[in-house]
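A.B. asks: quick one, fold the following:
(2 chains)
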Amino acid sequence: MKKIFIYFSLSLFFVGCSFKTPPNQWQYNSTNAFEAYKQDFLSSNDAAAKNDFNRATKHAKVSSDLRTLSRIYLGECALHISVGQEDECKKFKDIKDVVNDPFLNAYYSFITYQLKKEQIPLLPQIYQDFVGHVENLEYEEANEAILKMDEVTSQLLAASLLKENLNNETRNKMIEVSSFHGYKKALIFWLNETKNSTLDENKKAEISKKISILNSKD
Amino acid sequence: MPYSKMKLAVGVFVLALFIAVSMSLFFLLKEKGTFETRYSYHFSTESASSFNVGMPLKISGFAIGVIDDIALKDDGTVYMTFSVSEANKKWLRQDSVLMLNKPLIGSPHIELYSAIGNEPLAPGETLSIVLSDDINDMISKLEPAVNKMINIINSIDSITSYIARDDSELMLTLKNIEKLTSNLANNKSLLTSITGDTNSTQSLINSLNETARIMKDISKITSSLDSDIVDPSSSVLKELDAIMKDVKQKLDALDASVKAVGTYDTEILDLKEQISAGLQKSNQIMDKVDSLMQDEKISEVKLP
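C.D. replies: This is a model prediction of the structure:
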């Protein structure tokens, strides 16, 4: 019996030792922390989001390869824009010359309304259709393209960029997906947008009440 | 990995973990002697104070058993039961004696004085116990010495009060010496008989008178010195002394405050470092949790 126990413990020990940490663990840690940041930021868990972001940047700052860091800065800026917060992506702008990544530059131009035609192919595939329609001033098609996007965060970002030309269906969809995923920050932004775009006083009052309930600390 | 295989792997892992934990627990308890047979013995005392269930029974400083039960009997005595393991049963012999030790420092315990060589004591037998109270022993030993010291102090007190009395022998002797010296100064014939010459006696008396006059003058000078110079100087010095004392007190207080501030500063720095280390550790845990929470392993930050 003792022998069995010893053999079993030894095998467990060796199995435990066999998990190898990858050499670029910092990159995984940084990416994971940023994923947590996205969730916490959109869910209005600001303290946790701050910690996640600090961890993400801390891990990214251990290497001279600053692409991860620049993606974090750009991602943070995009998230701010997706919930209606003004952001000029200063952090990314400060290091963009050092990184000099055409894909990231295209993304930066896209979220700051400075996109050039030649940069469109460098954008992530998910935005290609949307940008094509916006370029041709086909806003109804652009709205549809938003609804067809697979990623919720991409939908929120694209809708925020097109907020002046958004239809009610897309706005309602944004409220629906934000509510479903518990993205409080995005939800409050889209509730406000809907309130400002509607002329129905009853609907305005109803939305105001919802916003006040969401913002109350009771 | 297919879902069914994953379920099987998880099941096997959980089962293996359960078996490993159970076996570890079993061996731990076995080593602790939980499954060993224990043998009970008894003793009676007048009082249960200083005894408690779980109190160790030692031999040569090694714990060999514990008190399992304390019960009050109908005659007012206390009946106690203790048990020992199979391995330690050998120490309990016929005529073995227990002694309660209450050391000045440390917890009380029962010491077994085994009569090695005698027949082994059968389980369930009753042993006799001797109570040894180290603190009370010490006090009782100190009592005569304290009494003696009190007697000595009383004697010194009576001697000093006797000496201080006017009719004490020491006081009478002093008075006689005073009388003798005054007579010596006034009586020429006595001095002449000592010196052997009347002129010398007169000179001696003159000298003594002159000395008395000089002493009076010196006294006057010193008294004027006292009032003119010494007294003001003394008052100034006293004031200066009071000021310096006050300054010293304030400096002491300031020094304590500076030291305290320095200590707080160091403590705050230590605390800051500890908090920082704690945060780093918690961040590391959060990194691990994040990596466990992510569905897939990706090394590139995914933009919204």
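A.B. asks: can we go C-alpha only for contacts and neighbour counts from here?
C.D. replies: Will do.
A.B. asks: which residues of chain B lie near chain A?
C.D. replies: B:20, B:23, B:283, B:287, B:290-291, B:294, B:297-304 (C-alpha under 8 Å from any C-alpha of the partner chain).
A.B. asks: if you rank those by neighbours, which is first?
C.D. replies: Highest neighbour count within the residues of chain B next to chain A: B:D287, with 24 neighbours (other C-alpha atoms under 10 Å in any protein chain shown).
A.B. asks: host element of that residue?
C.D. replies: Per DSSP states H and E, B:D287 falls inside helix B:231-293.
A.B. asks: which strands and helices lie in contact with that helix?
C.D. replies: If you count contacts as 3 or more C-alpha pairs under 8 Å, 6 or more residues apart in numbering or on different chains; DSSP states H and E, helix B:231-293 packs onto helix A:25-42.
A.B. asks: helices or strands up against the helix it packs on?
C.D. replies: helix A:46-60, helix A:67-82, helix A:184-197, helix B:231-293.
A.B. asks: is the shortest one anywhere near chain B?
C.D. replies: Same thing as helix A:184-197. No - interface with chain B: helix A:184-197 contributes nothing (C-alpha under 8 Å from any C-alpha), its closest point being 13.2 Å away.
A.B. asks: quick one: low-confidence ranges for the chain?
C.D. replies: Defaulting to chain A. Scanning chain A for pLDDT under 70 picks out A:1-5, A:8, A:10-20.
A.B. asks: if you could check chain B rather than the one you did, that'd help
C.D. replies: For chain B, applying pLDDT under 70 flags the ranges B:1, B:104, B:132-140, B:181, B:184-196, B:215, B:218-219, B:221-234, B:294-296.
A.B. asks: all strands of it, in order?
C.D. replies: For chain B, applying DSSP state E gives strands covering B:38-45, B:56-59, B:62-72, B:78-85, B:97-102, B:109-113, B:126-133.
A.B. asks: in JSON lines, list those along with mean neighbour count.
C.D. replies: Listed next are the strands of chain B as JSON lines, based on neighbours: other C-alpha atoms under 10 Å in any protein chain shown:
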{"stretch": "strand B:38-45", "mean neighbour count": "18"}
{"stretch": "strand B:56-59", "mean neighbour count": "20"}
{"stretch": "strand B:62-72", "mean neighbour count": "17"}
{"stretch": "strand B:78-85", "mean neighbour count": "20"}
{"stretch": "strand B:97-102", "mean neighbour count": "18"}
{"stretch": "strand B:109-113", "mean neighbour count": "21"}
{"stretch": "strand B:126-133", "mean neighbour count": "15"}
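A.B. asks: quick check: residues of chain A near chain B?
C.D. replies: A:5, A:8-9, A:27-36, A:55, A:68, A:71-72, A:74-75, A:78-79, A:151, A:153-154, A:157.
A.B. asks: what about 6 Å?
C.D. replies: Chain A has residues A:Q27, A:Y28, A:N29, A:T31, A:N32, A:G75, A:T153, A:S154 near chain B, with proximity defined as C-alpha under 6 Å from any C-alpha of the partner chain.
A.B. asks: out of those residues, which is nearest to B:E46?
C.D. replies: Nearest to B:E46 out of these is A:N29 (C-alpha to C-alpha; 69.6 Å).
A.B. asks: ok, now which ones touch that closest one?
C.D. replies: By C-alpha atoms under 6 Å, 6 or more residues apart in numbering or on different chains, the contact set of A:N29 is B:D287.
A.B. asks: please apply the same query to the one 3 residues further on.
C.D. replies: With contacts defined as C-alpha under 6 Å, 6+ apart, the neighbours of A:N32 are B:D290, B:S291.
A.B. asks: what is the burial count for the residue lying closest to A:F34 once chain neighbours are set aside?
C.D. replies: Leaving aside its chain neighbours, A:F34 sits nearest to A:A56 (5.5 Å; criterion: C-alpha to C-alpha, 6 or more residues apart in numbering or on different chains). Neighbourhood size, A:A56 [other C-alpha under 10 Å]: 29.
A.B. asks: contact partners for A:A56?
C.D. replies: Per C-alpha under 6 Å, 6+ apart, neighbours of A:A56: A:S30, A:A33, A:F34.
A.B. asks: could you redo the residues you listed as a markdown table and give each row distance to B:L57 and neighbour count?
C.D. replies: Below are the contacts of A:A56 laid out as a markdown table (distance: C-alpha to C-alpha, whole Å; neighbours: other C-alpha atoms under 10 Å in any protein chain shown):
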| residue | distance to B:L57 | neighbour count |
| --- | --- | --- |
| A:S30 | 59 | 30 |
| A:A33 | 58 | 31 |
| A:F34 | 61 | 27 |
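A.B. asks: redo these as TSV? Include distance to B:I129.
C.D. replies: What follows is the contacts of A:A56, written out as TSV (distance: C-alpha to C-alpha, whole Å):
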residue	distance to B:I129
A:S30	71
A:A33	69
A:F34	72
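A.B. asks: of those residues, which is the nearest to B:F51?
C.D. replies: Closest approach to B:F51 among the contacts of A:A56 (C-alpha to C-alpha): A:A33, at 58.5 Å.
A.B. asks: ok, that closest one touching A:D52?
C.D. replies: Yes - A:A33 lies in contact with A:D52 (C-alpha atoms under 6 Å); the separation is 5.2 Å.
A.B. asks: out of the helices and strands packed on helix A:25-42, which one sits most buried?
C.D. replies: The highest mean neighbour count among these, using mean count of other C-alpha atoms under 10 Å in any protein chain shown, belongs to helix A:67-82: a mean of 24.
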